[in-house]
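Participant: All I have is the shape, not the residue letters:
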Ligand code: KIV
Ligand code: NA
């Protein structure tokens, strides 16, 4: 299969073809997701929660992100490989450059994802200028959970929606090649996806984004009894993990996931 690049995703957006993404943390899942046709594999720092059992993504270290990214890259041939910069990796440009270099050179990441708006804008620009493809991440930013006081939908009032709209455009101007919108109202996410030229991948952000991403364990029904309201269990009623992933890929491609019931706002 022809490997996916950032230009493949841009072309998919312009053709109106939905982009399918899942998180991935190891080589076996990478092989499975890759052969199921997942376009974008995200080594998310959600691994701190689903693999390590922490309550947040804050404890995840750069070493751990590099390790899991390298594991995934060995099983990934077609999908574009995106890795999260962990908590505070953007606190200084030096740290950000070191983190991006390690994720790409040791881990094999092709894109690095950075949470934040204005505070990381200059770093996004500098990384982009140096040839690092950056994926932005706005809306609910889990690395800020201790400051936010919980995992809540964002962009529900006028000022907050306006800030997300503004940051999304600023990230595109700074050179970001794509954007993840997490837990924002569907109408806002759809508007941003139509405004930006770069692909917008949603999670808990309605069906009008250019693509969808879920934490793979959530869509396999593997969680501590409280799946996120915007997720769907694709495994129940199917006889293998492969069949569940195939059903997710099909549902995202045809626009039947997320449905209204999986779109809280
Ligand atoms: O860490 C993660 O899994 C993520 C996605 C859910 C977007 O950032
Ligand atoms: Na993340």
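Facilitator: Great, that's in hand. Just so you know, these numbers come straight off a predicted model, no measurement behind them. Ligands and ions are numbered 1, 2, ... in the order given.
Participant: Determine the three-state secondary structure at residue 83.
Facilitator: strand (DSSP: H, G, I helix; E, B strand; the rest coil).
Participant: What's the biggest helix in this structure, counting residues?
Facilitator: helix 158-174 (DSSP state H).
Participant: which outside residues touch it?
Facilitator: By C-beta atoms under 8 Å, 6 or more residues apart in numbering, the surrounding residues in contact with helix 158-174 are 117-118, 121-122, 124-125, 128, 134, 136, 138-139, 154-155, 179, 181, 184-185, 188, 191-192, 195-198, 200. (Each C-beta comes from the backbone N, C-alpha and C, glycine too.)
Participant: list the buried ones in the strand or helix carrying residue 98?
Facilitator: Secondary structure assigned from DSSP states H and E places residue 98 in helix 93-105. The neighbour-count check on helix 93-105 (16 or more other C-beta atoms under 10 Å) flags 96, 97, 99, 100, 102, 103, 104 as buried.
Participant: Could you pull out the strands in the stretch 151-265 of the chain for me?
Facilitator: 178-182, 200-203, 211-214 (DSSP state E, counting those that start in this stretch).
Participant: Number of residues surrounding the residue in the stretch 51-200 of the chain that ligand 2 sits nearest to?
Facilitator: Taking C-beta to the ion, ligand 2 has its nearest neighbour within the stretch 51-200 of the chain at residue 84, 4.4 Å off. Around residue 84 there are 31 other residues, counting by other C-beta atoms under 10 Å.
Participant: Same check on the one 4 residues further on?
Facilitator: Residue 88 is surrounded by 13 other residues when neighbours are defined as other C-beta under 10 Å.
Participant: Kindly report the residues of the protein close to ligand 1.
Facilitator: 23, 42, 44, 45, 46, 84, 180, 182, 203, 213, 215 (C-beta under 6 Å from any ligand atom).
Participant: gap between the helix holding residue 98 and the chain center?
Facilitator: Centre-to-centre, helix 93-105 and its host chain are 19 Å apart (C-alpha atoms, centre = their mean, to the nearest Å).
Participant: same question, stretch 118-133
Facilitator: Computed by C-alpha atoms, centre = their mean, the chain-centroid distance of stretch 118-133 equals 17 Å.
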